[in-house]
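Peer 1: Pasting the sequence and the predicted model now:
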Amino acid sequence: MDDPARNQSIERATAILRAVAAGDPSGSRSSDIAAATGLSRSTTHRLLAAMVTAGLIEQEATGLFHLGWDLFAFGTKAASRRGLVDLIQPILDRLAERTSDTVFLSVRSNAESLCIDRREGSFPIRTLTLSVGDRRPLGVGAGSLALLACLTDAEIETTVSANHARLEAYAGFDATTLHELVAQTRRQGYAFNNGRILAGMSAVGVAVTGDHGEPVVALSVAAIDSRMLPERRENIAALLRTEARALSEELGRLTQGLGSAGLRQLLPARHR
């Protein structure tokens, strides 16, 4: 027998998901979600809180809401029917083969970066500084820094402030250093981590951006310092930028404009 109250809750939650998906790429305010769904503000707040707890919705430090990465756990099989889950895999394989080093794929998750895939190259000394599922404060690490540098100055300030306490665990990073690294990343067109996390290990990262410049994912290559001397580092950065541009164009074609909502439905999230 149908439970009208339960059915109503599911319908309301679905309406909220659709409203967030169709909202501004930078995130949705609870008041906008309430207006879009026709729900009262109190009901909207209550359901949003429950959906954040469940991982269906994510809330930034600014209070804005986005679709949660956990939704990908439900959508992976559906997406794979259309070949979308495999879209980025050839790029990672190609980068690992061409550099012989370790390649990482990262996404932004609120004030953090999340590693969602990794490839190990053939070079015998592996740089395994991240495992799939690892999270770091946004800006800590090459891929993470590339994502941070794509945000607006206001978003960067909010993110760095939100991570103030967590940055104490990383000796090479603090608020001042992160702002300097963001400026450097923007100037040179790629992020460079020169042993700030693990001595003797360096990495280069490039973000794949959307139509509005928002970061979608980051590609990064890590290696021992002797394999990241200036000339080779620039070559790897150029290789990453080429792959990032191609991926951005392909995602734009698939999503009819690389909107935030469309991208969050396409990108693979491999939580392990």
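Peer 2: Noted; the coordinates are in hand.
Peer 1: Need the three-state assignment for the residue nearest to the spatial centre of the chain.
Peer 2: Centroid check for the chain by C-alpha atoms, centre = their mean gives Val107 as the closest residue, at 1.7 Å. Secondary structure assignment for Val107 (DSSP: H, G, I helix; E, B strand; the rest coil): strand.
Peer 1: Wait, it touches Gly133, no?
Peer 2: No. Val107 lies out of contact with Gly133 (C-beta atoms under 8 Å); the separation is 11.7 Å. All C-beta atoms are positioned from the backbone trio N, CA, C, and that covers glycine.
Peer 1: which residues do those two both contact?
Peer 2: Common contacts of Val107 and Gly133 (C-beta atoms under 8 Å, 6 or more residues apart in numbering): 114, 116.
Peer 1: Domain ranges for the chain, per the record?
Peer 2: Domain segmentation of the chain under automatic domain parsing yields 4-68, 74-266.
Peer 1: most neighbours per residue, which of those domains?
Peer 2: domain 74-266 (a mean of 19; mean count of other C-beta atoms under 10 Å).
Peer 1: for the chain, what's the longest helix?
Peer 2: In the chain, assigned by DSSP state H, the helix with the most residues is helix 230-255.
Peer 1: Flag the shaky bits of the stretch 101-250 of the chain, pLDDT-wise.
Peer 2: Along the stretch 101-250 of the chain, the model assigns pLDDT under 70 to no residue.
Peer 1: Run through the strands of it in chain order.
Peer 2: 102-109, 112-119, 135-137, 191-194, 201-209, 215-224 (DSSP state E, counting those that start in this stretch).
Peer 1: between the longest one and strand 201-209, how big is the angle?
Peer 2: Meaning strand 215-224. If you take axes from the mean of the first three to the mean of the last three C-alpha atoms, to 10 degrees, strand 215-224 sits at 160 degrees to strand 201-209.
Peer 1: Tell me the strands beside strand 215-224, with direction?
Peer 2: Here strand 215-224 is paired, per DSSP bridges, with strand 102-109 (antiparallel), strand 201-209 (antiparallel).
Peer 1: and the shortest one, C-alpha only, in CSV?
Peer 2: When you say that, I think you mean strand 102-109. Extracted C-alpha coordinates of strand 102-109, given in CSV (Å, rounded to 0.1, in the frame of the first residue of the first chain):
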residue,chain,number,x,y,z
THR,A,102,52.2,8.7,-12.1
VAL,A,103,49.1,10.4,-13.3
PHE,A,104,46.2,11.6,-11.0
LEU,A,105,42.7,12.7,-11.7
SER,A,106,41.2,15.0,-9.1
VAL,A,107,37.9,17.0,-8.6
ARG,A,108,36.9,19.7,-6.3
SER,A,109,34.6,18.7,-3.4
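Peer 1: Number the residues from 44 up from this point.
Peer 2: In the new numbering, first residue 44, that becomes strand 145-152.
Peer 1: Outside of that strand itself, list whatever touches it.
Peer 2: Residues from elsewhere that reach strand 145-152 (C-beta under 8 Å, 6+ apart): 101, 112, 131, 135, 138-139, 156-164, 169-171, 173, 178, 181, 184, 186-187, 190, 246, 248, 258-266, 310, 312.
Peer 1: can you redo the strands paired with strand 258-267 as a markdown table with distance to Thr220?
Peer 2: Below are the strands paired with strand 258-267 laid out as a markdown table (distance: least, C-beta to C-beta, whole Å):
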| stretch | distance to Thr220 |
| --- | --- |
| strand 145-152 | 19 |
| strand 244-252 | 16 |
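Peer 1: residue contacts, the nearest residue to Leu224 once chain neighbours are set aside?
Peer 2: Residue nearest to Leu224 in three dimensions, not counting chain neighbours: Leu188, with 5.7 Å by C-beta to C-beta, 6 or more residues apart in numbering. Leu188 is in contact with 182, 221, 224-225, 228, 234, 236, 248, counting by C-beta under 8 Å, 6+ apart.
Peer 1: how about 7 Å then?
Peer 2: Contact analysis of Leu188 by C-beta atoms under 7 Å, 6 or more residues apart in numbering lists 182, 224, 228, 234, 236, 248.
Peer 1: Tell me the one of the residues you listed nearest Ile199?
Peer 2: Taking C-beta to C-beta as the measure, Ile199 sits nearest to Gly182 out of those, at 8.3 Å.
Peer 1: State the distance from that closest one to Leu82.
Peer 2: Distance, Gly182 to Leu82, by C-beta to C-beta, to the nearest Å: 36 Å.
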